[in-house]
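Novice: just coords:
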């Protein structure tokens, strides 16, 4: 099975240039292409699994990196579709965040703080529908640090490729400001609603 590159209906973003978005989308396309190529290579090497054991092992380690890069971007880009929209102050997501962390603003601050950690990765807000609880994680290199099986509510890419064209190597904080300025919280609220009902 071959994965297909998704197309996103992105508006012009405030503080994130069209060139940066173009480069970022190209990187996402590369994850899709690389995952498919690795999948095919593994299948070919498995024809003589004993002889190719080392090569298969190395490709399997790379496989999840490419897959997670592909899938995390499929959470990231839709968050901008439809243009910026604020979090509904009395909506179910805001109420749940307030119940968990005292306020929705406190939850957003946690996402920001996690994103500002040193190194490349992702700041991810998860929701555990079994116990109605949120979890924050920093996903280093996008395949280390996941809360297995938990749905993703907010995905903030903080690899340098997301901000270096617009803000330089030290511009992560300005980029995070732009990320939140452009978020369509309606998309995020719909994600939450899909799992809050369970």
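Specialist: Yes, it's here. Nothing here was measured: the structure is a model prediction, and the numbers come from that model.

Novice: can you pull the buried residues of the helix or strand residue 42 falls within?
Specialist: Residue 42 is part of helix 18-45, with elements assigned from DSSP states H and E. By neighbour count, and taking 16 or more other Cβ atoms under 10 Å as the criterion, the buried residues in helix 18-45 are 20-21, 24-25, 28, 31-32, 34-36, 38-39, 41-42, 45. C-betas here are computed from N, CA, C, even on glycine.

Novice: now stretch 130-147
Specialist: By 16+ other Cβ under 10 Å, the buried positions in stretch 130-147 come out as 134, 136, 137, 138, 139, 142, 143, 146.

Novice: likewise for stretch 11-20?
Specialist: Within stretch 11-20, judged by 16+ other Cβ under 10 Å, the buried ones are 13, 15, 16, 20.

Novice: pick out the most distant pair among those.
Specialist: Within the buried residues of stretch 11-20, 15 and 20 form the most distant pair, 9.7 Å apart (Cβ to Cβ).

Novice: quick check: neighbours shared by these two?
Specialist: By Cβ atoms under 8 Å, 6 or more residues apart in numbering, residue 15 and residue 20 have these common neighbours: residue 166.

Novice: what does the residue with the largest distance to the centre of the chain show for phi and psi?
Specialist: Outermost residue of the chain with respect to the C-alpha centroid, by Cα atoms, centre = their mean, is residue 51; its distance is 36.7 Å. Phi and psi for residue 51, reported as degrees, to the nearest 10, are phi -60, psi -40.

Novice: how close does it get to residue 197?
Specialist: 50 Å (Cβ to Cβ, to the nearest Å).

Novice: low-confidence regions, the chain specifically.
Specialist: 198 (pLDDT under 70).

Novice: and of the buried residues of stretch 11-20, the nearest to residue 180?
Specialist: For those, the residue nearest residue 180 by Cβ to Cβ is residue 15; the value is 9.9 Å.
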